[in-house]
Every structure is written in C-alpha cells, then in structure tokens.
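Chemist: With the input below, show me the fold.
(2 chains)
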Amino acid sequence: AQSVTQLGSHVSVSEGALVLLRCNYSSSVPPYLFWYVQYPNQGLQLLLKYTSAATLVKGINGFEAEFKKSETSFHLTKPSAHMSDAAEYFCAVRDTGRRALTFGSGTRLQVQP
Amino acid sequence: EPEVTQTPSHQVTQMGQEVILRCVPISNHLYFYWYRQILGQKVEFLVSFYNNEISEKSEIFDDQFSVERPDGSNFTLKIRSTKLEDSAMYFCASKLGQGETQYFGPGTRLLVL
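Modeler: Numbering: from 1, shown residues only, chains lettered A, B, ... in the order given. Down below sits the predicted model:
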C-alpha cells in the first residue's frame, strides 16, 4: 500500500522567506499526488495536484510542487511566504485504480512577521 | 462556487449512542467519501461510495459504521454505538468523476464522552 511521508511536523519561516514543505511517497509506479491546505477550523482545500502531465505543477496562492521520480518526492514550495499562508499542509497520494486518498501526517506552517 | 457542506459542525454524544453525520456533496458529483482525523493524527480514509453502493472501505470502517444516500442530495455516515475512540473530525468529500479532484467539506467534530 502507498504511504506518504512528510518531513517536519512544524515549519517556521519569516514573512517573505522561501517556503519548502517536504513530501515523499512510496511507490515504484508514479501515483496521483496532491497537496491540500487546512486553515484553522476549516476543511481541506486543494492547492495543487500532479497527474503525470507535467513535473512542475502550479497551484493556487503562489504555491508550486515538483514531481521528482528519482527521489520519489513531491515537495511544495512558495518563493515568498505571506502571513496568510499559516496553516496545516497535507500531502496525499492516490494509487491508480483506487478511490481513496492516503494522507501524510501534515506539516504546520508558521509565518513569523 | 459550489462546495461540500456538513452538519452539524460539532456534536457531543455519550458512549454507546448512535450518531448520524450529514453531508451535502456538490450537486453533480458522483463519487462520495468519508475520512476522519483523530486529533493530532493523519487524515484517514473510511469509505467511498459510488452508484449507490460502497466501492471501497478501510479497516476502520467496521460493522459499527454505515453510509447512505437517502435522497438525491444527502450523504450520511452513521455510527451505531459510538466509542471513545470515535472522537475525531469527520470529513466528507465528493468528486465529479474518475481522475477528478476530491472536494472536502469543513468537517464535523465529534466528541464521544
């Protein structure tokens, strides 16, 4: 079964600094990959998804992620953090042929003024 | 923009009681899901539902759980006899078709005392 590892349960950056949230998946066959964001007291909102069309995926709010098959990674980046980016970020994977998403444990992003 | 809605937002119940969590998926979506997130833990898949039947379920989804789409709009999760360990945030999700994005509701926070 697929698994997803998010390195770092908490990440703190300064406003304007680069955001890098790490995600590695376990699979020999590239799956569908997703990043979701959860703001306090809200549901999960899709940031971006990889479905094999392009290795660099651009999402909402200035976020992007790069699929690297050789590293089995799908790290999320944003060049310049904003205070409003403070939230919990979840990487998720869906195997082809399955309906369920498998989520990572999440990374809480703090943005310091 | 269409969204998935869930009611209630919070529910407190006594151990052994039955609870029904309600979801209204996006109106033209065909695939429906329940996930849960125990406080401080990963989001976990419970069940998927398509064409009026369960299409996939996890080990968590035992005989105490059931799902139903009683009319054309609602999608419910019933827990027959709640246990303390059922305390969690329960998320409903829906998607239009295969390969499409799952859209999540804001969640119902269930507390079993």
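Chemist: alpha carbons only for contacts and neighbour counts from here, please
Modeler: Noted.
Chemist: give the contact list for A:L21.
Modeler: A:Q6, A:L7, A:G8, A:V11, A:H75, A:L76, A:T77, A:T107 (C-alpha atoms under 8 Å, 6 or more residues apart in numbering or on different chains).
Chemist: which of those count as buried?
Modeler: A:Q6, A:L7, A:V11, A:H75, A:L76, A:T77, A:T107 (16 or more other C-alpha atoms under 10 Å in any protein chain shown).
Chemist: Among the residues you listed, show me the least confident.
Modeler: When the buried ones among the contacts of A:L21 are sorted by pLDDT, the bottom entry is A:L7 at 90.
Chemist: Grab the nearest non-local neighbour of that one.
Modeler: With C-alpha to C-alpha, 6 or more residues apart in numbering or on different chains as the criterion, A:L7 has its nearest non-adjacent residue at 5.6 Å, and that residue is A:R22.
Chemist: Which pLDDT value belongs to the one you found?
Modeler: 97.
Chemist: Just give the closest residue to A:A92, not the sequence neighbours.
Modeler: Spatially, and ignoring its direct neighbours in sequence, A:A92 is nearest to A:F103 (4.2 Å; C-alpha to C-alpha, 6+ apart).
Chemist: Give the burial count for that neighbour, as a bare number.
Modeler: Residues near A:F103, counting by other C-alpha atoms under 10 Å in any protein chain shown, number 24.
Chemist: Quick check: phi and psi on it?
Modeler: Main-chain torsions, A:F103, degrees, to the nearest 10: phi -100, psi 150.
Chemist: List the contacts of whatever residue of chain B ends up closest to chain A.
Modeler: Residue of chain B nearest chain A, by C-alpha to the nearest C-alpha: B:P106 (3.6 Å). In this structure, B:P106 makes contact with A:N41, A:Q42, A:G43, A:L44, B:V4, B:T5, B:Q6, B:S9, B:F91, judged by C-alpha under 8 Å, 6+ apart.
Chemist: For the contacts of A:L21, give me JSON lines that also has secondary structure and distance to B:K78.
Modeler: Shown next, in JSON lines, are these (DSSP: H, G, I helix; E, B strand; the rest coil; distance: C-alpha to C-alpha, whole Å):
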{"residue": "A:Q6", "secondary structure": "coil", "distance to B:K78": "31"}
{"residue": "A:L7", "secondary structure": "coil", "distance to B:K78": "35"}
{"residue": "A:G8", "secondary structure": "coil", "distance to B:K78": "35"}
{"residue": "A:V11", "secondary structure": "strand", "distance to B:K78": "37"}
{"residue": "A:H75", "secondary structure": "strand", "distance to B:K78": "37"}
{"residue": "A:L76", "secondary structure": "strand", "distance to B:K78": "36"}
{"residue": "A:T77", "secondary structure": "strand", "distance to B:K78": "39"}
{"residue": "A:T107", "secondary structure": "strand", "distance to B:K78": "30"}
